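> Following is a predicted model, sequence given first.
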Amino acid sequence: MERVQQLLDGLVAAGRERGLQVAAYHRGRLAVDMQAGAVDGDALFTVFSVTKGIVSTALHILAERGVIDYDKPVAHYWPAFAAHGKERATVRDALIHTAGVPQMPEGVTPEELCDWEGMCARIAAQPPLWEPGTRTGYHAYTWGWIVGEVMRRADGRPPGQIVRDEVAAPLGIADSLFVGLEERAEGRVVPLEDGGWRAGQEALPAEAMLLRAIPLPVTPSPEVHNRPDVRRACIPAGGGIMSARAAARVYAALVGDGVDGVRLLTKDRVARATALQTEEVDAALGMPVRKGLGYFLGNLLSPMSSRASAFGHPGVGGAIAFADPEHDFAFALTKSRLTVDAPGESPAYLAATAIRAELGIPE
């Protein structure tokens, strides 16, 4: 794997990255565990929407136990969500971004991101931008409060605790994977740096749906997401803080025979959770996106491969975690610079491609 380490070191040497981690499992074994820059394998990174895949895994564990039904209305668990014609929006709609409320509440502030009850109340009170179920548009932030509140009301535990109890603890990574950072781990978090993401957001037209979904005052940035209160808040759509090693281990536990005797979901449940739900043009992202139940699926020039059977989730700035069940392969990359890279040129794509080549896995 020397070629992979050289790739990572080259990204740092060229100034594209400051610090990053890569981890990959193959057939249940940790095959790659590498870092570059001034970080080690125990460092923790804010991974933004990579969090959605981890939280979705926790929800599927509850669904497998019969605690949550994908086709029940969100309002079945959370009656207030029915306001303004959202009564037919289902849990499935929420998972695949068709619930109709991608927009964040007007004037939202970083402080409000930390107020679970307040955010849930404001999102429930919003009218949908389209009839739920008829259109897909990335619910970049709101996904987390909708899905997370369903989990909380159905199960009784906060979503961050469900992730800790049902995903992190069984895999032995409760000290390296958080949805709501614990104070004891604060010193291991690598500060974020802006590498062009905010400028891209600022260049969008004011009416862009993506700006409504990710308003500039709370856009992923060092100013917002290096704040201790935001790091410690439970933000299930984008507040996860973890190592690449931990994120890859979650996905390794979803394919093959799992990892170290742990398989988080049955093969049948994974098949249901990762079945293609839509591949329409996403109204916020402006491109076709293959979506499963809470996971994005493989596509052309995706680090996950072009196979629709591959599943996981990318995050703003370039982090990603995914599994390729056809080859019993799991991969994660975490990083500190929030960059915008062309398809096929991101560090995640380059690293995943190099590792597949070393392991003899087709793209």
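Okay, I see it.
> Do a quick rundown of the strands in this protein.
19-26, 29-37, 45-48, 177-179, 193-195, 240-242, 296-297, 311-314, 320-324, 329-335, 337-339 (DSSP state E).
> Tell me who's in contact with R212.
102-104, 284 (CB atoms under 8 Å, 6 or more residues apart in numbering). For every residue, glycine as well, the C-beta is placed using N, CA and C.
> do L44 as well
L44 neighbours (CB under 8 Å, 6+ apart): 176, 178, 181, 185, 188-190, 241-243.
> rewinding a little: out of the strands of the chain, which gets nearest to Y141?
Y141 lies closest, by CB to CB, to one member of these: strand 45-48, at 10.1 Å.
> Let's test this: mean pLDDT of the closest one, rounded?
Strand 45-48 carries an average pLDDT of 98.
> quick one: that strand to chain centroid distance?
Chain-centre distance of strand 45-48: 9 Å, with CA atoms, centre = their mean, to the nearest Å.
> Restricted to helices, list the contacts of R212.
Judged by DSSP state H, the subset of the contacts of R212 located in helices is empty.
> which one is R227 nearest to, not counting chain neighbours?
Leaving aside its chain neighbours, R227 sits nearest to P110 (6.2 Å; criterion: CB to CB, 6 or more residues apart in numbering).
> what's the spacing between the one you found and W116?
According to CB to CB, to the nearest Å, P110 and W116 sit 14 Å apart.
> With neighbour numbers in mind, choose between the two.
In this view P110 and W116 are compared by other CB atoms under 10 Å, and W116 has more residues nearby, 20 against 16.
> Of the contacts of L44, which is the most crowded?
Going by other CB under 10 Å, M242 tops the contacts of L44 with 30 neighbours.
> Disregarding flanking residues, what is the spatial nearest neighbour of it?
L177 (4.2 Å).
> Tell me which residues touch that neighbour, please.
54, 163-164, 167-168, 240-243, 246-247, 250.
> Check it and give its pLDDT.
L177 is assigned 98 on the pLDDT scale.
> Also A121?
Note on A121: pLDDT of 98.
> try K291
Per the predicted model, pLDDT is 98 at K291.
> Check the gap between it and Q35 for me.
31 Å.
> what do you get for D260?
Using CB to CB, we find D260 at a distance of 22 Å from Q35.
> which of these two has more neighbours?
More crowded of D260 and Q35, by other CB under 10 Å: Q35, with 23 against 14.
> I'd guessed the more buried one sits against D9; true?
No: the pair Q35 and D9 fails to qualify as a contact (CB atoms under 8 Å) at a distance of 9.7 Å.
> coming back round to it: tell me which of the contacts of L44 is nearest to A321?
M242 (8.5 Å).
> Which residues does the closest one form beta bridges with?
With DSSP bridges applied, M242 shows beta-bridge pairing to F45, L177.
> which residues does it contact?
Neighbours of M242 in contact, by CB under 8 Å, 6+ apart: 44-45, 47, 50, 54, 173, 176-178, 334.
> In space, what's closest to G144 - neighbours in sequence excluded?
A237 (2.9 Å).
> Report the contact partners of E112.
105, 118-119, 122.
> quick one, helices of the stretch 1-150 of the chain?
2-13, 50-64, 74-77, 91-95, 110-113, 116-124, 142-155 (DSSP state H, counting those that start in this stretch).
> any chance of those in JSON lines, with distance to G19 too?
What follows is those, written out as JSON lines (distance: least, CB to CB, whole Å):
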{"stretch": "helix 2-13", "distance to G19": "7"}
{"stretch": "helix 50-64", "distance to G19": "16"}
{"stretch": "helix 74-77", "distance to G19": "39"}
{"stretch": "helix 91-95", "distance to G19": "32"}
{"stretch": "helix 110-113", "distance to G19": "24"}
{"stretch": "helix 116-124", "distance to G19": "31"}
{"stretch": "helix 142-155", "distance to G19": "26"}
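> right, so of those, which gets closest to T339?
When those are compared by CB to CB, helix 2-13 sits nearest T339, at 10.0 Å.
> What are the contacting residues of that closest one?
17-20, 22, 32, 34-37, 347, 350-351, 354-355, 358.
> residues contacting the residue nearest to R227?
By CB under 8 Å, 6+ apart, the contact list for P110 reads 217-218, 224, 227, 229-230.
> Verify the stated contact: F322 with A348.
No: F322 sits out of contact with A348 when judged by CB under 8 Å, with a separation of 9.1 Å.
> list residues touching both of those two?
By CB under 8 Å, 6+ apart, F322 and A348 have these common neighbours: P303.
> Comparing those two, which residue is more hemmed in?
F322 (30 against 25).
> For that one, list the residues it contacts.
F322 touches 53, 251, 298, 303-304, 310-313, 330-332, counting by CB under 8 Å, 6+ apart.
> from the contacts of E112, which would you call buried?
105, 119, 122 (16 or more other CB atoms under 10 Å).
> how many neighbours does E223 have?
15.
> One more: V281?
For V281, using other CB under 10 Å, the count is 13.
> do the same with L359
L359, neighbours per other CB under 10 Å, totals 15.
> again, but for A36
As a burial measure, A36 scores 23 neighbours (other CB under 10 Å).
> again, but for P205
So P205, with other CB under 10 Å, has 7 neighbours.
> Contact partners for the closest residue to it other than its chain neighbours?
Among residues not flanking P205 along the chain, L211 sits closest, at 7.9 Å (CB to CB, 6+ apart). Going by CB under 8 Å, 6+ apart, L211 touches 201, 204-205.
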